[in-house]
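the following comprises the amino acid sequence and a computationally predicted model.
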Amino acid sequence: MIKVSPKAKRLLVPIVSVIAGFLVGAIIMLIWSYDPLQAYSSMFESALGSMNGIGETIRNATPLILIAIGFQISSAAGFFNIGLPGQAQAGWLTAIWIGLAWKNLPVYILLPIEIIAGIIAGALVAGIAGWLRAYFGTNEVISTIMLNYTVLYLCQYLHQDVMSKNLRIDTDTTKSIPANASLRIPSLSAAFGDSRISGGIFLALIGLVIFWFVMKKTTVGFEIKAVGLNPFASRYAGMSDKKNIIVSMLLSGAFCGLGGVIQGLGTYQNYFTQTTTLDIGWDGMSVALLGGMSAIGILLASILFSILKIGGLGMQTLAGIPYEIVSIVIAAIIFFVAISWAVGLLFKEKKTDKTATYLATAETDSRKANSQEGGQA
Amino acid sequence: MEKEITNIIEMRHIVKDFNGFKANNDINLTLRKGEILALLGENGAGKSTLMSILSGLLEPTSGEIYVRGKKVDISGPNVATSLGIGMVHQHFMLAQAFTVLENIILGHETTKGLALDFKTAREKIVALSKQYGLAIDPDAKISDITVAQQQRVEILKVLYRGADILIFDEPTAVLTPQEITEFIKIMKNLAKEGKSIILITHKLKEIKESADRVTVIRAGKSIQTVNVADADDEQLAEMMVGHHVNFKLDKEEQHLGDTVLSVKDLHVNEDRGTEAVKGLSFNIRRGEILGLAGIDGNGQDELVEAITGLRHVESGSVNIKGQDLTNKPVRKITEAGVGHIPADRQKYGLILQLPISENMAIQTYYKEPYSKHGIMNEKAIREHARELIKKFDVRTTSEQLPASDLSGGNQQKAIIARELDRDADLIIAFQPTRGLDVGAIEYIHSQLLKQRDAGKAVLLISYELDEILQLSDRIIVLHDGAESGEVNPEQTNETELGLLMTGKNLKKEAAVND
């Protein structure tokens, strides 16, 4: 065990975890006779080596940040919202549909409507699970996972059978939205080598600030935290558990919906038939679990995740490593980050003299006070 | 006294150092064969640490332990068991769905081939229970027997494993007065049969009734060991806390005002839907403390939850200051002027992970100055907490520390500070001193009396008869969800209360017989 100060430990643990993950990944590649150095260098080359790569990494991270926030808000209240893919999908289809249907509106009206409608769609999907939980005690894990499929096939029905043919290219794909309905910013795309980066990243950063502010500074966040930490004491204190279940699920779904909106208005510019629940939903959950409750943690985790994802493509194309091995390597790295508490066991916090004396004085102080109290009695 | 005294246990100069904090600081303790030694001390004095060392759960930093004259190293619970040391814990560790027999042999099963040998085990248990007067049905399910019987199972469990040194950790905390008398009989029986007993307690009365000697521990040090016969209550209490203790509370003359709480024909169900409160009616007026006595589980939890809005009232009414608050939301009832000190301070009273400051604003955070337009004002919340910490003498270095950092007594002080600070007209105090030491109990009692003298109505629910008798102006005894009698604390005694608590109303019965 290595003795370090508590501050150094906070920094060292994630760094060592990431390095350990990369090392295990390297060993796996060596076993199958691939060159880890070449693999990793092509990973970083494609994720960070060009403006286009950086742009794509940011593009990939954007919805993950928002969905991770959504997951964290519900889990702060003690609910395991695994309906993230469905909530994001609802936001995606809603935003694209409005963008196509009302494409003649000016950008400063159309864009806010698309975004807000997408947010509401995500919130409503999550809100159903919240309402079921609050009034019928339905387990939210089951209801949200089933809602994923409900949304998946409902979206298919809506866009294949209800949506006007004029808005679609064929049954599976909608037309692309016009520039005034898009979150793409031409100068931004140009700066990042024509990647699919969009103004969504600014929404995601604002989202992080809002997340931090709501959870740390508002009564809504205080209630959500209180209910999540101790539902009994919260009820005792007069907080309504029904209200908090629904509010936290609505907020959670709202952020996921926004993640989906950005996937539509930023990344793809259209909507197309989804055959399985959205990847970004599950990736967003991983980011949330890696990043923890802090806004910075979520940001860093989403970037790490995106480097691995975008870089993974580079490992296949540049270093010729098969997709399966790439997946194993990525999984190994995430695994090590996720079990960083185990890595933490390597380091022992040096009890500074300060803490030791503090403990000792606190004890004697209370005893002194005890005897003084006695003197007065 | 006999000439030859064999010390079965000798603990010499025991020191246990937790990162610079000495929980035990040079403690000496001797236990003689066949005696009952009481170990007396406040919470946090180091009793549990010392006993954990003896039962192999902790290793001492320094010091020596001799068992039957031989130096030993009790490196684990198994070593303690093999030395014949057995501990009966305060919180029973029994599997509810198993029978008495199954619980006793659990972990020490005798087997015949691959099958459990219940027959031999049963014979051994029946023999043990006869020998020590521990009447119990070996085939009863734990969930069907009383707390006192569960305690016997715990004792049998220890005896079954061959212990002849028994440690009892606060054994009477959960028992009624009659059960306590019965328990003391059992303990004396065990000692007579040659078992040596260490009794951890802070109830002086029990020590006087049962123990031969008492070792007093204060602040991690053994202060003194005396023969119980040679010391009186006040001396013992003084040794324990280090200063003079007031046993008699000076109550001011009562000034009764108008009715604050009026409960009429209240019916409340427990979680599984069976009726727990069965038609209870009572009033509390300003300037009085109404004590509700009763054994744990006779409808107290449900009653308090119904009054405070945490549980649905089936029928009847709860009226506070003329306002019908039956089945109203908790917040509305709180705002109507109710302060509630809950029985379980860690489950209901506090959110342990949150800072003390936020815990102190947990019912008021949505109001100015603690928040405005939904945005919390951390400064105001912290300032308010600092004021309360000062006023109510909560011992902490900072209001920003999580509530879990406070000791039990200070957690309770923090809750009391918060509940009294709102200037509520009705104070509901449910087990307000559970698990606290003499100093903290004194303080909390004086605070409750202060509320009464300031013209508040106080509902005191407690399983400690002493507390009820000392504080109450009137006492209602609860049995099976209904009132089994109302008594005047000046004129009643523990025997009468104890009988009422088990549902026997002598006066009523006498009246019927007439």
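Looks like it came in fine.

so what touches stretch B:67-82?
B:6-9, B:53-57, B:59, B:64-66, B:83-87, B:161-163, B:165 (CB atoms under 8 Å, 6 or more residues apart in numbering or on different chains). For the C-beta atoms, the positions are set from N, CA and C on the backbone; glycine is no exception.

which residue ranges form the strands in chain A?
A:2-4, A:347-349 (DSSP state E).

and these, which one averages the lowest pLDDT?
The stretch with the lowest average pLDDT out of the strands of chain A is strand A:347-349, scoring a mean of 68.

among the contacts of stretch B:67-82, which lie within strands?
Using DSSP E, the contacts of stretch B:67-82 in strands are B:7-9, B:64-66, B:85-87, B:165.

thinking again about what came up before, narrow the contacts of stretch B:67-82 to those that are buried.
Buried by 16 or more other CB atoms under 10 Å in any protein chain shown: B:8-9, B:53-56, B:65, B:83-87, B:161, B:163, B:165, out of the contacts of stretch B:67-82.

nearest to chain A, of those?
Among these, residue B:53 lies closest to chain A (CB to the nearest CB), at 19.1 Å.

next, count neighbours for the spatially closest residue to the closest one that is not a sequence neighbour.
Nearest residue to residue B:53, sequence neighbours excluded (CB to CB, 6 or more residues apart in numbering or on different chains): residue B:60, at 5.1 Å. By other CB atoms under 10 Å in any protein chain shown, the residues close to residue B:60 number 22.

with residue B:76 instead?
Counted with other CB under 10 Å, residue B:76 comes out at 13.

and the pLDDT for it?
Note on residue B:76: pLDDT of 87.

also residue B:314?
pLDDT at residue B:314 comes out at 96.

that one belongs to a strand, doesn't it?
Yes: looking at residue B:314 with DSSP: H, G, I helix; E, B strand; the rest coil, it is inside a strand.

quick check: bridge partners of residue B:476?
residue B:292, residue B:486 (DSSP bridges).

any residues of the stretch 151-300 of chain A in contact with chain B? List them.
Neighbours of chain B within the stretch 151-300 of chain A, by CB under 8 Å from any CB of the partner chain: A:217-220, A:222, A:225-226, A:229-230, A:232-240.

go again using 10 Å as the cut-off
Contact residues, the stretch 151-300 of chain A versus chain B (CB under 10 Å from any CB of the partner chain): A:213-214, A:216-223, A:225-240.

re the thing from before, turn the ones in strands among the contacts of stretch B:67-82 into TSV, including pLDDT and distance to residue B:135.
Formatted as TSV, the ones in strands among the contacts of stretch B:67-82 follow (pLDDT from 0 to 100; distance: CB to CB, whole Å):
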residue	pLDDT	distance to residue B:135
B:7	89	33
B:8	92	28
B:9	93	29
B:64	93	40
B:65	94	35
B:66	93	36
B:85	93	25
B:86	91	20
B:87	90	23
B:165	94	24
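
list the helices and strands the lengthiest helix in chain A packs on?
Counting residues, the longest helix in chain A under DSSP state H turns out to be helix A:107-136. Helices and strands touching helix A:107-136, as assessed by 3 or more CB pairs under 10 Å, 6 or more residues apart in numbering or on different chains; DSSP states H and E, comprise helix A:51-76, helix A:84-101, helix A:140-157, helix A:241-262.

and the angle from the first one to helix A:140-157?
Computed by axes from the mean of the first three to the mean of the last three CA atoms, to 10 degrees, the angle separating helix A:51-76 from helix A:140-157 equals 130 degrees.

how far off centre is helix A:51-76?
5 Å (CA atoms, centre = their mean, to the nearest Å).

just the helices in the stretch 1-150 of chain B please.
B:47-54, B:77-82, B:100-105, B:118-131, B:147-160 (DSSP state H, counting those that start in this stretch).

can you redo the ones you listed as JSON lines with distance to residue A:33?
Output for the helices of the stretch 1-150 of chain B, formatted as JSON lines (distance: least, CB to CB, whole Å):
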{"stretch": "helix B:47-54", "distance to residue A:33": "56"}
{"stretch": "helix B:77-82", "distance to residue A:33": "51"}
{"stretch": "helix B:100-105", "distance to residue A:33": "58"}
{"stretch": "helix B:118-131", "distance to residue A:33": "62"}
{"stretch": "helix B:147-160", "distance to residue A:33": "61"}
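
among the ones you listed, which is nearest residue B:230?
Closest to residue B:230 of the helices of the stretch 1-150 of chain B, according to CB to CB: helix B:47-54, at 21.6 Å.

before we move on, the earlier item: and the angle for the longest helix of chain A with helix A:241-262?
Using the same axes, to 10 degrees, helix A:107-136 lies at 150 degrees relative to helix A:241-262.

what angle do helix A:107-136 and helix A:84-101 make?
Orientation check (the same axes, to 10 degrees): helix A:107-136 against helix A:84-101 gives 150 degrees.

what is the burial count for the residue in the stretch 401-514 of chain B that chain A sits nearest to?
Proximity of the stretch 401-514 of chain B to chain A (CB to the nearest CB) peaks at residue B:439, 6.2 Å away. By other CB under 10 Å, 22 other residues sit near residue B:439.

was I right about it contacting residue B:241?
Yes: the pair residue B:439 / residue B:241 is scored as a contact, 5.8 Å apart, by CB atoms under 10 Å.

phi, psi for residue B:482 please.
Torsion angles at residue B:482 (phi, psi; degrees, to the nearest 10) stand at phi -130, psi 170.

for chain B, what is the nearest residue in the stretch 51-200 of chain A?
Counting by CB to the nearest CB, the stretch 51-200 of chain A gets nearest to chain B through residue A:76 (11.6 Å).

any idea how far that residue lies from residue A:125?
In this view, residue A:76 and residue A:125 are 19 Å apart by CB to CB, to the nearest Å.

tell me which of these two has more neighbours.
The neighbour comparison of residue A:76 against residue A:125 (other CB under 10 Å) goes to residue A:125, with 27 against 22.

residue contacts, the more buried one?
Under the criterion of CB atoms under 10 Å, 6 or more residues apart in numbering or on different chains, the neighbours of residue A:125 are A:83-84, A:86-91, A:144, A:147-148, A:150-151, A:154, A:249, A:253, A:256-257.

just the buried subset of those, please.
Neighbour-count burial (16+ other CB under 10 Å) is assigned, among the contacts of residue A:125, to A:83-84, A:86-91, A:144, A:147-148, A:151, A:154, A:249, A:253, A:256-257.

the closest residue to residue B:150 other than its chain neighbours: neighbour count?
Nearest residue to residue B:150 in three dimensions, chain neighbours excluded: residue B:92, at 5.1 Å (CB to CB, 6+ apart). Using other CB under 10 Å, the number of residues around residue B:92 comes to 16.

what's the answer for the one 4 residues further on, then?
For residue B:96, the tally of surrounding residues (other CB under 10 Å) stands at 11.

who's in contact with the residue nearest to it when sequence neighbours are not counted?
Nearest in space to residue B:96, with sequence neighbours left out and distances taken as CB to CB, 6+ apart, is residue B:143 at 4.5 Å. For residue B:143, the contact set (CB under 10 Å, 6+ apart) comprises B:94-98, B:150.

what two of those residues have the greatest distance between them?
Checking those with CB to CB, the most distant pair is B:97 and B:150, at 13.6 Å.

who has more neighbours out of those two?
residue B:150 (19 against 10).

when you check chain A, which of the ones in strands among the contacts of stretch B:67-82 turn up near it?
Okay, of the ones in strands among the contacts of stretch B:67-82, nothing touches chain A (CB under 10 Å from any CB).

out of those, who's nearest residue B:251?
For the ones in strands among the contacts of stretch B:67-82, the nearest to residue B:251 is residue B:87 (40.0 Å; CB to CB).

test my guess that that closest one contacts residue B:158.
Yes: using CB under 10 Å, residue B:87 is in contact with residue B:158, at 7.1 Å.
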